[in-house]
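A.B. asks: Sequence first, predicted coordinates after that:
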Amino acid sequence: MITGKILKKMREEVAMTQEQVARLAGISQAHVAKIENEKVNPRLSTVNKIMSILKSNKTLKCNGLATKRVIYVKPEDSVNHVVKLMKANDVSQLPVIDKGLCVGSISDKTIIRNLDRISSSTKVREVMEKPFPTINCGEDMEVVKTLLEYHPAILVTEGGEIKGILTKSDLFDLLK
């Protein structure tokens with residue numbers, strides 16, 4: 001049975017607003033909100049229309065899948081700090097952010113590759129690699145899939161501000 005909660009989840013997965021769904025379905029945004037909050041029992045034709053809209057917009061947008069809490073390090077942080085952060089958060093790569101901008105990246109591969117020259121005082125800026133690519137939050141998943149073939153992570157931005165991060169494991173979550 002299709003519930004309002006299921007419709008809401010589907011809408012959020014395709015990164016549509018209630019207003020967008022309402023406009024396309026020919027109903028009010030308030031009605032969409034009531035359906036999602038299960039305050040009204042919509043007609044079957046309304047549910048079918050909403051489902052059709054959500055399925056046709058199934059080109060999943062990246063912001064629907066991105067991890068919103070971006071764990072990052074600064075260029076002046078120690079590599080030892082990076083290792084502890086990676087272990088504590090079970091991640092294998094981190095963006096290096098300075099003044100709100102991604103200036104580099106560091107991964108477990110970066111650390112292993114530079115193991116012979118890393119000491120307790122080695123700073124991230126000394127071993128960091130190129131920054132992760134950034135994409136707009138409205139980008140579709142085809143772009144994400146292509147980028148993740150060549151990069152370990154992608155930063156999701158909105159208005160130039162970092163809003164989330166996508167990794168290969170986020171794509172694997174789609175298979176659940």
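C.D. replies: The structure has been received and is ready for your questions.
A.B. asks: what are the ranges of the helices in the protein?
C.D. replies: 4-13, 18-25, 29-36, 44-56, 79-89, 108-113, 124-127, 141-148, 168-172 (DSSP state H).
A.B. asks: Out of these, which is closest to residue 65?
C.D. replies: helix 168-172 (5.3 Å; CB to CB). Where C-beta positions appear, they are placed from N, C-alpha and C, glycine not excepted.
A.B. asks: one step back: residue 154 is nearest to which of the helices of the chain?
C.D. replies: Nearest to residue 154 among those is helix 141-148 (5.2 Å), distances taken as CB to CB.
A.B. asks: Return the list of helices and strands in contact with the closest one.
C.D. replies: Other helices and strands packing on helix 141-148, by 3 or more CB pairs under 8 Å, 6 or more residues apart in numbering; DSSP states H and E, are strand 134-136, strand 153-158, strand 161-167, helix 168-172.
A.B. asks: Contacts only, for the residue nearest the centre of the chain.
C.D. replies: Against the mean C-alpha coordinate of the chain, by CA atoms, centre = their mean, the closest residue is residue 66 at 1.1 Å. Residue 66 makes contact with 137, 156, 163, 164, 165, 166, 170, according to CB atoms under 8 Å, 6 or more residues apart in numbering.
A.B. asks: Quick check: closest non-adjacent residue to it.
C.D. replies: residue 164 (3.1 Å; CB to CB, 6 or more residues apart in numbering).
A.B. asks: rewinding a little: nearest to residue 8, of the helices and strands packed on helix 141-148?
C.D. replies: When the helices and strands packed on helix 141-148 are compared (using CB to CB), the closest one is strand 161-167, at 19.6 Å.
A.B. asks: quick revisit: any idea which of the helices and strands packed on helix 141-148 is most buried?
C.D. replies: strand 153-158 (a mean of 20; mean count of other CB atoms under 10 Å).
A.B. asks: okay, the angle between that one and strand 161-167?
C.D. replies: Angle between the axes of strand 153-158 and strand 161-167 is 150 degrees (criterion: axes from the mean of the first three to the mean of the last three CA atoms, to 10 degrees).
A.B. asks: next one: strand 153-158 to chain centre, how far?
C.D. replies: 7 Å (CA atoms, centre = their mean, to the nearest Å).
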